[in-house]
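# The following block contains a protein sequence and its predicted model.
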Amino acid sequence: MSVLESRRALTLYVAAGAAFAAIAARGLLVPLYAHDLGASRFEVGALFSVSTFAAALLSLPSGLLIDRIGARSLLWTSLILSAGSQLATATSTTVFPLFVWQVVGGLLWCVGVTVAGYVLGQRIPNIDTYLLPIVAVIVALSLIPVALEVLRARRRSSEPDSAG
C-alpha cells in the first residue's frame, strides 16, 4: 500500500469514527434533551431507539448505494448530512421534530456502518466474523430503554390504584 493510499484509508477511518462517535453521543443526549422539552418516558425511550429501526430499513439499499456512488462519496455525503441533522436536532423546540431528525440520523448511521463494513471488508479478511456481532450488540443495546419503559408501564397499569 502506497503512502497516498494509506493516508486516504486513514482519512476514511477517521471520518467513519467521527460519524460513529456523533451518533453515539446523539443516542445519549437526544433523550435527555427531549426530557427537558417535556417528553413522556415512552417518547424518550422511543427517541432512543427510532434511529435503530430507521437504520435497519436502509441496511440493504445502502449496499447498492456504495456500488453506484462509491464508498468515499457516500461517506462524505453521510457526514455532511449527519452534521445537518445534528444541528437541526439541536435547534428543535418541540418533541416531534426530534423524532424526524432521529430517523434521519439513523438512516445516515446505517450508511456509515455499511461504508465502514465495505472498506474494512476489503482491507481485513474475515472481518464479518467480528463486525456483525458488534452491530448486533449495538442494536440490542438501543432497544433496552424501550423494553424497560414497556415493562414499567405494564407494572404501573397492573398495580391497584392507591389514591381511591
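Good, I have the coordinates.

# for the protein, what helix or strand is lowest in average pLDDT?
helix 3-36 (a mean of 72; mean pLDDT, DSSP states H and E).

# What ranges does this protein have for its helices?
3-36, 41-69, 71-91, 95-123, 128-158 (DSSP state H).

# how far is the third one from where the chain is centred?
Centre-to-centre, helix 71-91 and its host chain are 12 Å apart (Cα atoms, centre = their mean, to the nearest Å).

# now stretch 46-53
Stretch 46-53 sits 8 Å away from the centroid of its parent chain (Cα atoms, centre = their mean).

# Could you export it as CSV, CA atoms only?
What follows is stretch 46-53 as a C-alpha-only set of coordinates in CSV (Å, rounded to 0.1, in the frame of the first residue of the first chain):
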residue,chain,number,x,y,z
ALA,A,46,-38.8,5.7,21.5
LEU,A,47,-36.5,8.5,20.6
PHE,A,48,-33.6,6.4,21.8
SER,A,49,-34.4,3.5,19.5
VAL,A,50,-36.2,5.0,16.5
SER,A,51,-32.9,5.7,14.7
THR,A,52,-32.0,2.0,15.0
PHE,A,53,-35.3,1.0,13.3
